[in-house]
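Engineer: Okay, sequence plus prediction incoming.
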Amino acid sequence: MINHQVLLASHVRIFSSSCRLSGSLNPNAAMSTFGAVVHPSVAEQKHALRSRIKKELRSLPADQRSKEDTEIQNFVLNSPWFKSAKRLCAYISCDALREVDTTRILSEILKNKTPGVLDHLDHHTQLRKKLYVPRVEDKNSNMRMLHISTTEDLVASSMNIFEPSPTDASGNHREDAMLASEPVDIFLLPGVAFDRQGHRLGRGGGYYDVFLKNYQELAKEQKWKQPLLIALAYSVQIIDENEIPVTDNDVSVDALVSPSGLIPITPASFKDM
Ligand SMILES: Nc1nc2c(c(=O)[nH]1)N(C=O)[C@@H](CNc1ccc(C(=O)N[C@@H](CCC(=O)O)C(=O)O)cc1)CN2
Ligand SMILES: Nc1ncnc2c1ncn2[C@@H]1O[C@H](COP(=O)(O)OP(=O)(O)OP(=O)(O)O)[C@@H](O)[C@H]1O
């Protein structure tokens, strides 16, 4: 007898065990020419979902997007957890990628900062917030979070996203959040799609998943409080439960900030936000 599973395995994965979208509930399931129910792999499902949400984001009217940018940023800026955070990792939003704007949040964190000046005092007295932003190091999902004190520290990357140069204007290496002596309190995360269970679909590089897993391990080793992982999401990016395919590598978030406010997910978000 012909083994249909073996015949099809090179093309599509059947009854993928790592995929939550199994059985007849999977909207992506299709009938094979042999009559078996075939399921796309998790990677294929993620790709399809990314395409769908990116298309919806592109068709979002500019005034609606701008209104949501304002609401999300206002909410963050007025939140006690943002006000009390001393060290934050945030993304530099890219308009062409239709990411939730972080410009005002970044300005607030960096306000009154003159490069170099008071950096020493900051470290010891924590008068001001410290900002770390992503820098992609290679195509193997390696990313660092480097300290910046002004947006002048940023240059456009090959991916057309602003990133810090590895050294500052004086030629000194920027502080790497993974090597810092004090913990990051909050990560503000980008993504393509999110659900109310905390699942996050990124752009497919694995950069954040790898970084966050390593950072959570570091915090555990150092006996630090785990950082709060907060994703910023336009309304169309918040989708139904079970729509986001999940693997063991995917790091879940603690809360979402949507245009209508906070969506707390984990016990940490209820306690600390
Ligand atoms: N603002 C921002 N910075 C970030 C990320 C991010 O998602 N947003 N990253 C998070 O990982 C890392 C960079 N990774 C990136 C991964 C993909 C694309 C990108 O342009 N993707 C296109 C599709 C490209 C393709 O398919 O070939 C897209 O999503 O439309 C950009 C950055 C670090 N910095
Ligand atoms: N912790 C990890 N260790 C090794 N590889 C990983 C890890 N996390 C993700 N990857 C790999 O990275 C690639 C992209 O993963 P995935 O599609 O889940 O990324 P994403 O969540 O969209 O991206 P990002 O995390 O950058 O936002 C996959 O090949 C995945 O196996």
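Structural biologist: Received the coordinates, thanks. Keep in mind the model is a prediction, meaning the values are calculated, not measured. Ligands and ions are numbered 1, 2, ... in the order given.

Engineer: how about the strands in the stretch 101-250 of the chain?
Structural biologist: Counting by DSSP state E, counting those that start in this stretch, the stretch 101-250 of the chain has strands at residues 130-136, 143-148, 154-156, 162-164, 186-189, 193-195, 200-201, 228-232, 238-239.

Engineer: Could I get the pLDDT score of whichever residue of the chain sits closest to ligand 2?
Structural biologist: Per Cβ to the nearest ligand atom, residue 202 is where the chain lies closest to ligand 2, at 1.7 Å. For every residue, glycine as well, the C-beta is placed using N, CA and C. Listed pLDDT for residue 202 reads 98.

Engineer: about what we covered before: mind putting the strands of the stretch 101-250 of the chain into JSON lines with mean neighbour count?
Structural biologist: Formatted as JSON lines, the strands of the stretch 101-250 of the chain follow (neighbours: other Cβ atoms under 10 Å):
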{"stretch": "strand 130-136", "mean neighbour count": "22"}
{"stretch": "strand 143-148", "mean neighbour count": "22"}
{"stretch": "strand 154-156", "mean neighbour count": "12"}
{"stretch": "strand 162-164", "mean neighbour count": "21"}
{"stretch": "strand 186-189", "mean neighbour count": "23"}
{"stretch": "strand 193-195", "mean neighbour count": "24"}
{"stretch": "strand 200-201", "mean neighbour count": "24"}
{"stretch": "strand 228-232", "mean neighbour count": "26"}
{"stretch": "strand 238-239", "mean neighbour count": "19"}
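
Engineer: so can I have a markdown table of those showing distance to ligand 1?
Structural biologist: A markdown table is the format used below for the strands of the stretch 101-250 of the chain (distance: least, Cβ to the nearest ligand atom, whole Å):
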| stretch | distance to ligand 1 |
| --- | --- |
| strand 130-136 | 4 |
| strand 143-148 | 5 |
| strand 154-156 | 11 |
| strand 162-164 | 7 |
| strand 186-189 | 9 |
| strand 193-195 | 12 |
| strand 200-201 | 11 |
| strand 228-232 | 11 |
| strand 238-239 | 17 |
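
Engineer: Could you check the ones you listed and tell me which one is nearest residue 178?
Structural biologist: In terms of Cβ to Cβ, the element of the strands of the stretch 101-250 of the chain nearest to residue 178 is strand 143-148, at 6.9 Å.

Engineer: With residue 191 as the reference, measure out to the residue of the chain closest to ligand 2.
Structural biologist: 5 Å (Cβ to Cβ, to the nearest Å).

Engineer: between the two, who's got more neighbours?
Structural biologist: residue 191 (23 against 19; other Cβ atoms under 10 Å).

Engineer: one step back: overlap of the contact sets of residue 202 and residue 191?
Structural biologist: residue 208 (Cβ atoms under 8 Å, 6 or more residues apart in numbering).

Engineer: Okay, residue 55 and residue 74: tell me how far apart.
Structural biologist: 28 Å.

Engineer: quick one, which of those two is more surrounded?
Structural biologist: Neighbour totals were compared for residue 55 and residue 74, and residue 74 leads with 14 against 10 (other Cβ under 10 Å).

Engineer: For that one, report the pLDDT, please.
Structural biologist: With respect to pLDDT, residue 74 has a value of 98.

Engineer: and it, what helix or strand is that in?
Structural biologist: Using DSSP states H and E, the element containing residue 74 is helix 62-78.

Engineer: can you tell me if stretch 149-160 touches ligand 2.
Structural biologist: No. Stretch 149-160 does not reach ligand 2 (Cβ under 6 Å from any ligand atom); its nearest approach is 11.6 Å.

Engineer: that older thread, now for the helix or strand following the helix holding residue 74, which elements pack on it?
Structural biologist: On the C-terminal side of helix 62-78, the closest following helix or strand by DSSP H and E is helix 80-84. Packed against helix 80-84 by the contact rule (3 or more Cβ pairs under 8 Å, 6 or more residues apart in numbering; DSSP states H and E) you find no helix or strand.
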